[in-house]
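**Q** Sequence and predicted model, in that order:
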Amino acid sequence: MRKRMKATVAGPPRRPLPDFTRLPERVDPADLRTMQQVEPPEDPRGGRDTETEFMLRNAGF
């Protein structure tokens with residue numbers, strides 16, 4: 001039996017890996033905070049008590 005040879009396709013040349021021996025300067029945590037007024041997120045349950053609804057729905061009442 002003959003061995004099948006895999007066909008190789010020449011892809012794009014690989015880029016050299018970046019040099020991480022010198023890291024960028026640290027970022028001050030004060031620069032990471034937002035300085036705008038934000039609103040609290042909407043209630044995802046829409047004001048419903050989903051825990052009680054689940055219990056009543058599955059308790060067999």
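**A** Structure received.

**Q** contact partners of the helix or strand encompassing E53?
**A** Counting by DSSP states H and E, the element that carries E53 is helix 50-58. Applying Cβ atoms under 8 Å, 6 or more residues apart in numbering, helix 50-58 turns out to have no external contacts. (Each C-beta comes from the backbone N, C-alpha and C, glycine too.)

**Q** do you know how far A10 is from K3?
**A** Taking Cβ to Cβ, to the nearest Å as the measure, A10 falls 22 Å from K3.

**Q** ugh, wrong one, R33
**A** 63 Å.

**Q** of those two, who's got more company?
**A** A direct count of neighbours by other Cβ atoms under 10 Å for R33 and K3 places R33 higher, at 7 against 4.

**Q** from the middle of its chain, how far away would the helix holding E53 be?
**A** 31 Å (Cα atoms, centre = their mean, to the nearest Å).

**Q** so for it, what's the average pLDDT?
**A** On average, the pLDDT along helix 50-58 is 89.

**Q** do the same with stretch 14-23
**A** Mean predicted lDDT for stretch 14-23 stands at 86.

**Q** Endpoint to endpoint, that stretch covers what distance?
**A** 23 Å (Cα to Cα, to the nearest Å).

**Q** got the buried residues for it?
**A** Of all the residues in stretch 14-23, not one is buried under the rule 16 or more other Cβ atoms under 10 Å.

**Q** Off-centre distance for it?
**A** Remark: stretch 14-23 is offset 24 Å from the chain centroid, using Cα atoms, centre = their mean.

**Q** Now do the buried residues in stretch 42-61.
**A** Buried residues in stretch 42-61 (16+ other Cβ under 10 Å): none.

**Q** Using CSV, write down the CA coordinates of it.
**A** Taking Å, rounded to 0.1, in the frame of the first residue of the first chain, the C-alpha atoms of stretch 42-61 are listed here in CSV:
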residue,chain,number,x,y,z
GLU,A,42,-33.9,48.8,34.6
ASP,A,43,-35.4,46.0,36.7
PRO,A,44,-35.0,42.8,34.6
ARG,A,45,-38.0,41.2,36.3
GLY,A,46,-40.2,44.2,35.6
GLY,A,47,-41.3,44.4,39.3
ARG,A,48,-42.6,40.8,39.4
ASP,A,49,-41.7,38.4,42.1
THR,A,50,-40.5,35.5,40.0
GLU,A,51,-39.4,33.3,42.9
THR,A,52,-43.0,33.2,44.3
GLU,A,53,-44.4,32.7,40.8
PHE,A,54,-42.1,29.8,40.2
MET,A,55,-43.0,28.2,43.6
LEU,A,56,-46.8,28.5,43.0
ARG,A,57,-46.5,27.3,39.4
ASN,A,58,-44.5,24.2,40.4
ALA,A,59,-45.9,23.4,43.8
GLY,A,60,-49.0,21.7,42.5
PHE,A,61,-51.5,24.2,43.6
